[in-house]
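Participant: show me the folded form of this:
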Amino acid sequence: MASADSPLAVLDERQRLAARHPHGPIAVIAGAGTGKTGVLVARVAWLIAAGHARPDQICALTFMNDSAREIAERLARLLGADVAAQITTATSHRLANALLRGYAARFDRGGRYSIWDADQARGALSRALAAQSEQTPPAARVGALARTAAQRLWSPWQAAVSVAEDERAAVSTGLLAYEQAKRASAAFDFDDLLLYAATALESDHALRARLGRRWRHVLLDEVQDTNHAQYRIVSLLAAEHRNLMILGDPDQAICAYRGATSDENFAAFARDFPEHEIITLERNYRSTAAILRAANTVIAANRGRVDKRLWTTGPEGNAIEVEDCDDELDEAQRIAAWARAHLDDGDAPSALCVLVRVNELTAAIEQALMAAGVPVHVAGALGFCGRAEIRDALAALSLVANPRDRLAFGRAAKAAGAGVGETACKALFALADAHPQRTLLEHGAHSALDALRPRQSNAVRELCGGLLDIAEQVQRRPSEVARHVTAGLVASRQPERLQRTVATSRSERARRRANSALERVRELVRLARAYEASAGRPDLGDFVAGLRLTAGDSHDQAEAASVMTVHRAKGLEFEHVWVAGLEEGLFPHGRSVREGAEPEERRLAYVAVTRARRALHASWARGRAGRPREPSRYLADIAGDADAHRLS
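Facilitator: The predicted structure is shown next:
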């Protein structure tokens, strides 16, 4: 790097002010397309080049794994791979997981704990509630309260107090049953990672001081998407040195459904760091002036927002086009014709995106695009880790990494076809309750299991014995992750079953599906090899945790037109965007309006508009699903006035 200022050469004046902020807290309020990620990367590079921090003294956190990857890749290009590798670049969940690996025993989990994804957590909660002798509220109700409690750093008792008095006892029972289920399996769910990391930092001054000395500069991207626990973690890390930069856009706060507390986070930052500076970025480098004019008009109606207005020195661009459709089929046909015309004009399929407010609208659009010969990808379709064969494989590997995980044992036993049914599982779990000093796999050889039918007891011993052998190998040679993954797959019998289907099935479709599943299982081994080659200290539990923490978070932008909800489009951009279903009750969503969340619906509209670079279409249908509809209140704002003044 030639000089401390060279990372700043491509920045404009406002961006440069933010990137060169040397010490102390700063909030960067960055409108859509204003180069926020570039500012973060340039600041990290400048801190190192100017001698304010070593690479290993910088921690940059963001909300999504894709964003963390992008930041890491940009830093590697700018600073070189060796320097960039020393910078901590991660999501809050990954940072919390790394912290808890050496701290989990204080929360009744060992270092070899499991991470349950959302589906696993729901299943474990349902089973925990079903086992209660007392009547408990529905699992969805208890699960929502458990998530709220973790995100707001509440205890189960504090969460119970938040409900009606006549419901508190039952809610408290349900929350405690779920907590006991997680502790019995030495497992955390995603929200627990943040809860316990924040709790550890709150309660342990020595830990807080040690990490504060390690990371002298902390940067939190997409602060509007974080919840209270995530903000609390970074504020504690920066409490002593005060070098905290938060970056985000309150106008893009669209994750309240995930527990994000945008307004609270900005207010907490102002309270915790009263000496902070604020820099607002408004110059947009993404979209045409016509698109920005629509975005500014849409969001201006929200009250109490930070005053900012996107502008550009770029071209005016085409006026926003609005389609008045007869029904959802007419709308889908018009979208397909639009996409086909762009492909015929030479645009790549990946330049096109159709945005909707709710998933229910995607089916008709996908079918019309396919019929028109347009390659299409519907975001949110089942990803790699959502496939049954990968979930089965991860259950076996989770059990090897954490031989106390009861949820993993149940799935691994069922997947292996080992004859280990509900009765055998209950007997094994009872042994684990009576003798918690030993793991589930160690109990597989216990004489008490002789009371089961011979087929069951033999199946338990075989399954537990095979996985226990691998677990012991993991203990002896923890860094040989790919070898352990291969052994775990063999023990699960999954490759054997799939190969048998490929070889013997009379159904061509079944053979193709088994072949695809077998290829995904092989991909799991390839991922393990890649992880082993790149990780500083390879560990099977860390590999499995990494897959859990990234599942469902990647946006596939292959050579296909994208169809996705506006929530999924956050952080993405496309040359041509079509926003469909702009109708009252749909966008804005009727329930959100009834519940007083219309400002967030308007922010969703703002996000939708600002995904477009060159051109924007919008549509509504006079009838949908056989019912009459009215145009959305946002349509007039988006369509605007073609003769309005140009932005400059």
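
Participant: model confidence over stretch 351-371, on average?
Facilitator: What stretch 351-371 shows for mean pLDDT is 94.

Participant: measure how buried Gln158 is and give me the count.
Facilitator: If you count neighbours by other Cβ atoms under 10 Å, Gln158 ends up with 12. Any C-beta I mention is one placed from the backbone N, CA and C, and that applies to glycine too.

Participant: for it, pull up the helix or strand it's in.
Facilitator: Using DSSP states H and E, Gln158 maps to helix 156-161.

Participant: which other helices and strands does that helix contact?
Facilitator: Here helix 156-161 touches helix 139-151, helix 168-184, going by 3 or more Cβ pairs under 8 Å, 6 or more residues apart in numbering; DSSP states H and E.

Participant: how about the first one: buried residues?
Facilitator: The neighbour-count check on helix 139-151 (16 or more other Cβ atoms under 10 Å) flags 139, 141-143, 145-151 as buried.

Participant: got a list of what Asn302 touches?
Facilitator: Applying Cβ atoms under 8 Å, 6 or more residues apart in numbering, we find Asn302 in contact with 251, 599, 602-603.

Participant: mind putting the helices and strands packed on helix 156-161 into JSON lines with distance to Ala84 and mean pLDDT?
Facilitator: As requested, the helices and strands packed on helix 156-161 are exported to JSON lines (distance: least, Cβ to Cβ, whole Å; pLDDT from 0 to 100):
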{"stretch": "helix 139-151", "distance to Ala84": "31", "mean pLDDT": "90"}
{"stretch": "helix 168-184", "distance to Ala84": "36", "mean pLDDT": "89"}
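
Participant: include distance to Ala368 when you put these into CSV, please.
Facilitator: CSV is the format used below for the helices and strands packed on helix 156-161 (distance: least, Cβ to Cβ, whole Å):
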stretch, distance to Ala368
helix 139-151, 34
helix 168-184, 43
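
Participant: tell me which of the ones you listed sits nearest to Ala260.
Facilitator: Distance to Ala260, taken as Cβ to Cβ, is lowest for helix 139-151 among the helices and strands packed on helix 156-161, at 8.8 Å.

Participant: now that closest one - C-alpha only, CSV.
Facilitator: Presented in CSV, the C-alpha positions along helix 139-151 are these (Å, rounded to 0.1, in the frame of the first residue of the first chain):
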residue,chain,number,x,y,z
ALA,A,139,-45.4,-24.5,20.6
ALA,A,140,-45.5,-21.4,18.2
ARG,A,141,-46.5,-19.2,21.2
VAL,A,142,-43.7,-20.5,23.5
GLY,A,143,-41.2,-20.4,20.6
ALA,A,144,-42.0,-16.8,19.8
LEU,A,145,-41.6,-15.9,23.5
ALA,A,146,-38.3,-17.8,23.7
ARG,A,147,-36.9,-15.9,20.7
THR,A,148,-38.0,-12.6,22.2
ALA,A,149,-36.5,-13.4,25.5
ALA,A,150,-33.1,-14.3,24.0
GLN,A,151,-33.0,-11.3,21.7
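
Participant: tell me which residues are up against it.
Facilitator: 121-122, 125-126, 129, 136, 154-156, 158-160, 162-163, 171, 174-175, 178, 189, 191-192, 194-195, 227-229, 259, 261.

Participant: identify, from the contacts of Asn302, the entry nearest to Glu519.
Facilitator: Nearest to Glu519 among the contacts of Asn302 is Arg603, at 41.0 Å by Cβ to Cβ.

Participant: where's that closest one relative to Ala30, distance?
Facilitator: Separation of Arg603 from Ala30 (Cβ to Cβ, to the nearest Å) stands at 15 Å.

Participant: tally of neighbours for His446?
Facilitator: By the criterion of other Cβ under 10 Å, His446 has 19 neighbours.

Participant: my read: it touches Ala430, true?
Facilitator: No - the pair His446 / Ala430 is not scored as a contact, 10.3 Å apart, by Cβ atoms under 8 Å.

Participant: longest strand of the chain?
Facilitator: For the chain, the strand with the greatest residue count under DSSP state E is strand 612-621.

Participant: the following helix or strand past it pairs with which strands?
Facilitator: Per DSSP H and E, the first helix or strand lying C-terminal to strand 612-621 is strand 623-624. Strand pairing for strand 623-624, using DSSP bridges, gives strand 627-628 (antiparallel).

Participant: contacts for the strand it pairs with?
Facilitator: If you take Cβ under 8 Å, 6+ apart as the criterion, strand 627-628 is touched by Arg622.

Participant: ok, Ile320 touching Ala295?
Facilitator: No - contact criterion Cβ under 8 Å: Ile320 and Ala295 do not qualify, at 10.3 Å.

Participant: more neighbours, those two?
Facilitator: More neighbours surround Ala295 than the other of Ile320 and Ala295, with 29 against 23 (other Cβ under 10 Å).

Participant: which ones are touching the more buried one?
Facilitator: 32, 287, 310, 606, 609-610 are the contacts of Ala295 under Cβ under 8 Å, 6+ apart.

Participant: give me the spatial nearest neighbour of it, chain neighbours excluded.
Facilitator: Nearest non-adjacent residue to Ala295, counting by Cβ to Cβ, 6 or more residues apart in numbering: Val609, 4.5 Å away.

Participant: neighbours of that neighbour, how many?
Facilitator: 29.

Participant: tell me the predicted confidence for it.
Facilitator: Val609 is given a pLDDT of 98.

Participant: doesn't Val298 make contact with it?
Facilitator: Yes - proximity of Val609 to Val298 meets the contact threshold set by Cβ under 8 Å, at 6.1 Å.

Participant: any residues in contact with both of the two?
Facilitator: Shared contacts of Val609 and Val298, defined by Cβ under 8 Å, 6+ apart, are found at Ile638.

Participant: give me the below-cutoff pLDDT ranges for the stretch 1-150 of the chain.
Facilitator: Scanning the stretch 1-150 of the chain for pLDDT under 70 picks out 1-5, 111.

Participant: got the residue ranges for the helices in it?
Facilitator: 13-19, 36-49, 65-79, 81-84, 92-100, 118-130, 139-151 (DSSP state H, counting those that start in this stretch).

Participant: report the angle between the fifth one and helix 65-79.
Facilitator: Compare the direction of helix 92-100 with that of helix 65-79 by axes from the mean of the first three to the mean of the last three Cα atoms, to 10 degrees and you get 80 degrees.
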